[in-house]
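1. Next one to model:
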Amino acid sequence: MSEEKHSGGRPRDADAAASIKAATLKLVRERGYNKVSIAAIASAAGVARQTLYNRWNTKADLVLEAVFEETGHYADAPLHNPNKSCKLQLEAFLIQVFTHLDESGSPIRSLIAAAQEDPAFREALRERFVKPREVLVIDLLQRAQDQGELSRTRDVKMLSNFIHGAFWYALLNGEPVDARLARAIANEIFVA
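-> Numbers count the residues shown, from 1 in each chain. Model (predicted):
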């Protein structure tokens, strides 16, 4: 079995962690975040509840780690390609995120709903999912202003809110979150 060393603790079984995360994603997809308990996750993963608590402080921590490990860290990829306009970079970034959400059957809708009822979870979701992407988008829009692709009179924070608002609105209403939406958002942001 592969062992993984966590700082400040004993070695952890990486196979158990993978099993726990897989069970977490499966249950959240099937039932929704609010209807999944630590006990149900432990049972589905074939481990003791204490095993989960030894690794994650809360269900929210476990679910977010599982989701973000599966979806990849799109916020880690810089949005800077000198061979592409900022508009095309924004479009490509959104297509990448939207495509993955569609392909993975992401439980993000359930997580958004849970965030409305659980302030601690909302903050964790904001810090780990929303904020990193917001920073990337704002940086890209500021660069677009510096390069003359976007008027300096446009408020980049508000434009970022529009971008994310369009995404969340479509997602919550069951509308397609796809390349067409990504292009439409980029076109509206970079309107002449």
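2. can you give me the strands for this structure?
-> Remark: strands assigned in the chain by DSSP state E are 3-5, 11-13.
3. residues near L88, how many?
-> By other Cβ atoms under 10 Å, the residues close to L88 number 14. Backbone N, C-alpha and C define where each C-beta goes, glycine included.
4. Kindly apply the preceding question to E188 instead.
-> Using other Cβ under 10 Å, the number of residues around E188 comes to 12.
5. One more: V156?
-> By the other Cβ under 10 Å criterion, the neighbourhood of V156 contains 19 residues.
6. Test for you: state the pLDDT assigned to it.
-> Per-residue confidence at V156 stands at 98 (pLDDT).
7. just checking, it touches L136?
-> No - under the contact definition of Cβ atoms under 8 Å, V156 does not touch L136, with a separation of 11.9 Å.
8. Show me the chain divided up by domain.
-> The chain breaks down into these structural domains: 3-58, 72-189 (assignment by automatic domain parsing).
9. Distance check, the residue positioned nearest the centre of the chain against P176.
-> Within the chain, one residue has its C-alpha closest to the average C-alpha position: by Cα atoms, centre = their mean, that is F129, at 4.2 Å. When Cβ to Cβ, to the nearest Å is the yardstick, F129 and P176 sit 20 Å from each other.
10. for A39, same thing?
-> For A39, the distance to P176 - Cβ to Cβ - is 36 Å.
11. What of W56?
-> Between W56 and P176 the distance, using Cβ to Cβ, works out to 33 Å.
12. neighbour-wise, which of these two wins?
-> For the pair W56 and P176, the greater number of neighbours falls to W56 (21 against 11), based on other Cβ under 10 Å.
13. In this structure the more buried one contacts E65, no?
-> Yes - contact criterion Cβ under 8 Å: W56 and E65 qualify, at 6.9 Å.
14. Helices of the protein, start to end?
-> If DSSP state H is used as the criterion, the helices of the chain fall at 14-31, 38-45, 49-55, 59-71, 86-104, 108-117, 119-125, 131-146, 156-172, 179-189.
15. Give me the average confidence score over the fifth one.
-> What that stands for is helix 86-104. Here the mean pLDDT over helix 86-104 is 83, rounded to a whole number.
16. Then the first one?
-> In this model, helix 14-31 carries a mean pLDDT of 90.
17. ok, and for that helix, which residues are buried?
-> Going by neighbour count (16 or more other Cβ atoms under 10 Å), the buried part of helix 14-31 is A16, A17, S19, I20, K21, A23, T24, L25, K26, L27, V28.
18. Fine by me, we can end here.
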